[in-house]
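Colleague: Sequence below, structure please.
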Amino acid sequence: MKPGMFNILVGGQWGSEGKGMAASALVTRYRPDILTTTNMANAGHCEEDIDGERFVAKALPSCAILSKWMNKVGGRLIGESPYEPRVIVGATAAFTISQLMAEAELCGLTSNGRLSIHPRTGVITEEHKKRENGGVGLEGSTKHVASTMQGCGAFLADKVMRKDGLKLARDWPELKRFVQHEGEGWPAKWTNETVLHEGAQGFSLDINHGSHYPHCTSRGTTAMQMAADMGVPANKVGDVYLVLRPFPIRVGNVYEEGKQVGFSGGHYADQEEISWEEVGRNAGMPDEVIKALLDKELTTVTRRLRRVFSLSMEQIRQSVRINGATRIILNFANYIDYGCYKMQNSSPQRKLANQLPDKVRAMINSIESATKIPVFAVGTGPRRNHVLWNYSKELRDNDQLHLHSLRAIDEDTA
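Modeller: Numbers count the residues shown, from 1 in each chain. So this is what the prediction gives:
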């Protein structure tokens with residue numbers, strides 16, 4: 001992670017790549033000064049602490065919870081200062097007030113001045129949700145494209161049309177204490193601080209550059225779009241972490257009374273739709289774990305069973321190119337070979353490749369060969385310490401680690 005720069009974490013497929021886990025691993029390692037997001041209510045990121053405590057974020061960066069988890073008893077290195085990053089929600093985010101306030105309370109951000117919200121950030125109302133769900137007498141349902149129907153597109157339409165009476169964050173008294181003044185963006189405040197932006201959804205859902213319009217989301221989801229949404233100049237963009245899963249997913253289709261009424265979209269030519277049982281059998285998962293996949297692979301927001309596909313190198317190459325990825329994080333390695341479930345680096349000096357099963361190593365080699373981008377880390381489970389870092393000399397020489405990074409690695413592998 002590049003110090004003093006705006007570093008971006010972006011999903012490389014159709015979402016649900018495990019960006020919450022990837023972001024928390026990066027934050028634990030690097031402790032960036034600022035955490036940012038432009039998330040909307042149609043995406044949820046999950047965090048799971050080392051002791052199993054869980055947090056689901058739909059309004060804040062999911063890593064905002066780490067200032068609480070890393071500072072609790074046993075969560076911090078001896079003599080280490082508390083981790084208290086600033087949290088900034090950008091202008092293109094949109095949330096319900098109840099969700100934002102609940103998350104801010106859980107993360108301890110309600111009264112200490114560390115949370116800032118752009119004045120033009122969106123607030124989603126019940127009316128926005130009803131429109132997307134096809135309420136009686138209302139137009140604008142997105143059910144036909146298997147949308148999450150959380151009101152995001154309806155809100156964006158109102159904002160783009162400058163609808164009379166639309167209320168943004170600056171107009172809600174409940175948010176007054178968090179709303180920053182106009183113009184307090186990157187150029188004025190963040191020049192020498194290290195930022196991690198936790199991107200939402202996935203590149204292939206981008207409304208302009210994604211794979212299958214109109215089966216996409218309602219906005220841009222590329223790394224450069226995220227920088228633009230936060231008011232960041234191009235010369236301040238640092239590392240771009242592209243998060244992948246070995247078997248990409250799409251949100252489930254919509255069914256009503258046994259009839260399909262919403263289709264979430266097609267796939268790339270070099271992949272096929274498969275079943276979760278097939279994934280589990282090929283990975284060598286026990287029967288009870290395969291059965292549990294049907295619950296685990298429900299989407300965070302809609303609770304629909306995700307559709308699953310084989311890996312597409314065409315999709316990955318396109319994602320690397322358009323996002324300008326500098327590092328790849330491969331999550332769900334245990335879906336390739338269950339033998340690496342919850343694996344961690346046994347030593348900071350051992351190479352990642354020497355610890356992984358052959359099937360996982362083969363997929364990493366294929367991805368690196370196709371993209372010419374290093375697989376920087378491999379996620380093996382749901383928690384922020386279920387990760388294998390790549391300690392190759394090339395990455396060590398090129399990666400500007402903070403002093404804390406090395407200490408955190410030693411702590412994680414002790």
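
Colleague: Run through this protein and note the low-pLDDT ranges.
Modeller: 73-80, 134-149, 182-191, 299-302, 346-354, 391-414 (pLDDT under 70).

Colleague: longest single helix anywhere in it?
Modeller: Longest helix of the chain, by residue count under DSSP state H: helix 358-371.

Colleague: Just give me the neighbour total for residue 213.
Modeller: Here the neighbour count serves as a burial measure; for residue 213 (other C-beta atoms under 10 Å) it reads 13. (Each C-beta comes from the backbone N, C-alpha and C, glycine too.)

Colleague: That one contacts residue 207, correct?
Modeller: Yes. Distance between residue 213 and residue 207: 6.9 Å, which falls inside the contact criterion (C-beta atoms under 8 Å).

Colleague: Can you dump the C-alpha atoms of the longest strand seen in the chain in CSV for me?
Modeller: Secondary structure assigned by DSSP state E gives strand 237-244 as the longest strand of the chain. These are the backbone C-alpha positions of strand 237-244, laid out as CSV (Å, rounded to 0.1, in the frame of the first residue of the first chain):
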residue,chain,number,x,y,z
VAL,A,237,-4.0,7.1,-6.9
GLY,A,238,-1.8,4.5,-5.3
ASP,A,239,-2.2,0.7,-5.4
VAL,A,240,-5.3,-0.8,-7.0
TYR,A,241,-6.1,-4.1,-5.3
LEU,A,242,-8.3,-6.3,-7.5
VAL,A,243,-10.2,-8.9,-5.5
LEU,A,244,-11.2,-12.2,-7.2
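
Colleague: Skip ahead from that strand and say which helix or strand is next.
Modeller: Moving toward the C-terminus from strand 237-244, the first helix or strand encountered (DSSP states H and E) is strand 249-250.

Colleague: For whichever helix or strand comes after that next one, buried residues please.
Modeller: Beyond strand 249-250 on the C-terminal side, the first helix or strand identified by DSSP H and E is strand 254-256. Of the residues in strand 254-256, those buried by neighbour count under the rule 16 or more other C-beta atoms under 10 Å are residue 254.

Colleague: Just the CA atoms of the longest helix of the chain, as PDB, please.
Modeller: Coordinates of each C-alpha in helix 358-371 appear next as PDB, following Å, rounded to 0.1, in the frame of the first residue of the first chain:
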ATOM      1  CA  ASP A 358      -1.200 -27.900  -6.000                       C
ATOM      2  CA  LYS A 359      -4.700 -27.000  -7.400                       C
ATOM      3  CA  VAL A 360      -4.500 -23.500  -5.800                       C
ATOM      4  CA  ARG A 361      -1.000 -23.000  -6.900                       C
ATOM      5  CA  ALA A 362      -2.000 -23.900 -10.500                       C
ATOM      6  CA  MET A 363      -4.800 -21.400 -10.500                       C
ATOM      7  CA  ILE A 364      -2.500 -18.600  -9.100                       C
ATOM      8  CA  ASN A 365       0.000 -19.400 -11.900                       C
ATOM      9  CA  SER A 366      -2.800 -19.200 -14.500                       C
ATOM     10  CA  ILE A 367      -4.000 -15.900 -13.200                       C
ATOM     11  CA  GLU A 368      -0.500 -14.400 -13.100                       C
ATOM     12  CA  SER A 369       0.400 -15.700 -16.500                       C
ATOM     13  CA  ALA A 370      -2.800 -14.200 -18.000                       C
ATOM     14  CA  THR A 371      -2.600 -10.800 -16.300                       C
END
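
Colleague: Can you tell me what sits against the helix or strand just after that helix?
Modeller: Scanning forward in sequence from helix 358-371, with DSSP H and E defining helices and strands, the next element found is strand 375-379. Counting contacts by C-beta atoms under 8 Å, 6 or more residues apart in numbering, the residues outside strand 375-379 that touch it are 18, 21-22, 25, 241, 327-333, 340, 352, 356, 360, 364, 367-368, 386-390, 395.

Colleague: Going by neighbour count, which of the residues you listed are buried?
Modeller: The neighbour count (16+ other C-beta under 10 Å) marks 18, 21-22, 25, 241, 327-333, 340, 352, 356, 360, 364, 367, 386-390, 395 as buried among the contacts of strand 375-379.

Colleague: Which members of those residues occur in strands, if any?
Modeller: Those of the buried ones among the contacts of strand 375-379 mapping onto strands are 241, 327-330, 387-389, per DSSP E.

Colleague: Spatially, which two of those residues are the most separated?
Modeller: Pairwise distances across those (C-beta to C-beta) peak at 15.2 Å, for the pair 241 and 388.

Colleague: And for residue 108, the neighbour number?
Modeller: Based on other C-beta under 10 Å, the number of other residues close to residue 108 is 16.

Colleague: What's the end-to-end length of stretch 197-207?
Modeller: For stretch 197-207, the first-to-last residue distance is 20 Å (C-alpha to C-alpha, to the nearest Å).

Colleague: All set, thanks.
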